[in-house]
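>>> Build the 3D model from these lines:
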Amino acid sequence: MAPSVQTTDVATTICVDLDGTLVHSDTLHENVLLLLRTSPLSLVSALVTLSRGIAAFKRAVSSRVAIRPDLLPYNEELVAYLAEQAARGRRILLVTAADRLVADGVAEHLGIFEGVLASDGSTNLKAEAKISQIRQYLNGELFEYAGDSLSDIPVWKAASAAILVNPTASIRLAVRNAGVPITKEFRGRGKFGAFIRAMRIYQWSKNLLIFAPLFLSHTILHAHKLVVTAEAFVAFSAAASAIYVINDLLDLESDRQHLRKRHRPFAAGTISIMEGMTLAVMLLIISLGISVRMPPQAGLLMVLYLLASLAYSVFVKTQVFLDVIILAGLYTVRLLFGGVVAGIVISAWTLAFSIFFFTSLATCKRLSELRGSGVQNKGPLPGRAYSQTDLLSLTALATSSGYVAVLILALYLNSPEVVVLYRHPKVLWFLVPVLMYWISRTIMIANRGEMHDDPIVFAFGDRSSQVVGLAALAVVVGAI
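Here you go, the predicted structure:
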């Protein structure tokens, strides 16, 4: 928060904008996303009302679904300042182009506003309409206005003083050129780091599975195959980041109820919904642009991954165990994708092992979410189909799937295919206890609530997992 730039006689009333000012996000965009997630057909019917104007659309959306005002990402500095001013006897008005149904919920939650002026289904309270309503309510008295966007400039010009929230240089200049004193500025932080966090680049470690076919076929040092697989890694990582962005946009409400996820850029309002949608589109363009240079089967697998991921984000993640199966399938798609781009056939042994192994890891992911969610007693996990009563079942499923994967590995080591690739195949039997140890330990850590990431991402940062990985590599090299 910056000190005042100019001084002025203090107006009795402060008029405060909602979207982008009092809250970091846009409530209409949040309502639309929530309606898309919960009732897509209702969103279609709401879109029909656009023919009667944006105010009618806002009312149609807000009457069909209601975002929780207690979960919105408020500008805490501004809220504290307004509460302080209200305690000093100043009148605080919420004046917003958001629909009245939304604005009333926010005002009731905060309890600092004398009154609310908002869009009513016929009038979109913006710019000149907002000025007219303020003057009518205050009978021409002076007012100070807090806003954040270019559309607020006419209101600032009509005000006796301005409070700027996250202003751009052009907004600050326009207010100054209008001769309006700036009493307060509430500045946000830079967004570059937030965009990087939204892309979840650390999750790209899972996409290293794309290189697994090269390693398993002993062609990891073939230059051409290594280059095309590296391109595939970039394409898949861009696609995965786009899906993470879309998933976070659709998961705002449940993320805000989670101890850690509430700090994600979209849940916290650090990045706007429109910025997130733009980022997702750009990442998809990059991914598909690279994919068109690959074999047609790779393109089909990429489309399959995107469709399955979107289905997971919109619907499947709320379905018991179906979500786990889809997650395991998405891991397996990475293996298939790497095999196709490098021209390597994935064996039935590898597919069978990966299905059960990744099912175990996906179940561990749900275990860790339940243990680390902060949900008490038997309450449900927000946005998921599991509760604390499912812990025993999930543990059993993770353990049984993991041990079936170990069994498949043991059967493979006794098959004729091993002799073709390895000169000392019996050395590979050391992989069995190593894998049993890692799976068992991973399930125990997830059950203790000590795993805060996807199991594969966790493994890359976990010292014991790193040692296990090096031991497994040493065993494979010794068998070649």
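>>> So residue 117, which state does it fall into?
At residue 117 the chain is in strand, as set by DSSP: H, G, I helix; E, B strand; the rest coil.
>>> how close does it sit to residue 132?
Residue 117 sits 10 Å away from residue 132, going by Cβ to Cβ, to the nearest Å. Every C-beta, even on glycine, is put in place using the N, C-alpha and C of the backbone.
>>> okay, those two: which has more neighbours?
Taking other Cβ atoms under 10 Å, residue 117 and residue 132 do not tie; residue 117 has more neighbours (22 against 14).
>>> my guess is that one contacts residue 133, does it?
Yes: the pair residue 117 / residue 133 is scored as a contact, 4.8 Å apart, by Cβ atoms under 8 Å.
>>> So for those two, which residues contact both of them?
Residues within reach of residue 117 and of residue 133 at once, by Cβ atoms under 8 Å, 6 or more residues apart in numbering, are 95, 125.
>>> which ones are touching the residue nearest the centre of the chain?
Against the mean C-alpha coordinate of the chain, by Cα atoms, centre = their mean, the closest residue is residue 248 at 2.1 Å. Taking Cβ under 8 Å, 6+ apart as the criterion, residue 248 is in contact with 198, 255, 264-267, 276.
>>> Tell me the one among those residues nearest to residue 237.
Comparing those against residue 237 with Cβ to Cβ picks out residue 198 as the nearest, at 13.9 Å.
>>> how many other residues sit next to the residue nearest to that closest one when sequence neighbours are not counted?
In space, and not counting its chain neighbours, residue 198 is closest to residue 265: 4.6 Å by Cβ to Cβ, 6 or more residues apart in numbering. By the measure other Cβ under 10 Å, the count of residues near residue 265 is 22.
>>> Please enumerate the strands of this protein.
13-16, 91-99, 115-119, 143-147, 161-165, 182-186 (DSSP state E).
>>> what's the angle from the longest one to strand 115-119?
Pointing back at strand 91-99 there. On the basis of axes from the mean of the first three to the mean of the last three Cα atoms, to 10 degrees, strand 91-99 is oriented at 20 degrees to strand 115-119.
>>> go on, the fourth one?
If you take the same axes, to 10 degrees, strand 143-147 sits at 50 degrees to strand 115-119.
>>> Strand 143-147 vs strand 161-165, what angle?
Going by the same axes, to 10 degrees, strand 143-147 makes 20 degrees with strand 161-165.
>>> partner strands of strand 143-147, parallel or antiparallel?
Using DSSP bridges, strand 143-147 pairs in its sheet with strand 13-16 (parallel), strand 161-165 (parallel).
>>> Turn these into TSV, columns for mean neighbour count and distance to residue 476.
What follows is the strands paired with strand 143-147, written out as TSV (neighbours: other Cβ atoms under 10 Å; distance: least, Cβ to Cβ, whole Å):
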stretch	mean neighbour count	distance to residue 476
strand 13-16	25	63
strand 161-165	25	57
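>>> how about the ones you listed in TSV, adding mean pLDDT and distance to residue 219?
Below are the strands paired with strand 143-147 laid out as TSV (pLDDT from 0 to 100; distance: least, Cβ to Cβ, whole Å):
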stretch	mean pLDDT	distance to residue 219
strand 13-16	97	63
strand 161-165	96	56
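>>> May I see these arranged in CSV, with distance to residue 181 as well?
Formatted as CSV, those follow (distance: least, Cβ to Cβ, whole Å):
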stretch, distance to residue 181
strand 13-16, 14
strand 161-165, 5
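>>> so which of these comes closest to residue 92?
Of all the strands paired with strand 143-147, strand 13-16 comes closest under Cβ to Cβ, at 5.3 Å.
>>> Outside of that closest one itself, list whatever touches it.
Against strand 13-16 from outside (Cβ under 8 Å, 6+ apart): 22, 78, 82, 85, 90-95, 113, 117, 134, 138, 141-146, 155, 159, 163.
>>> Buried among these? Make that a ChimeraX selection.
To isolate the buried members of the contacts of strand 13-16 in ChimeraX, using 16 or more other Cβ atoms under 10 Å:
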select :22,78,82,85,90,91,92,93,94,95,113,117,134,138,143,144,145,146,155,159,163
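>>> so what's the backbone phi/psi at the nearest residue to residue 445 once chain neighbours are set aside?
Distances taken as Cβ to Cβ, 6+ apart place residue 451 nearest to residue 445, at 5.0 Å, with adjacent residues excluded. Dihedral pair for residue 451: phi -110, psi 110, per degrees, to the nearest 10.
>>> OK, contacts around residue 451?
Residue 451 neighbours (Cβ under 8 Å, 6+ apart): 364, 367-368, 371-372, 442, 445, 458.
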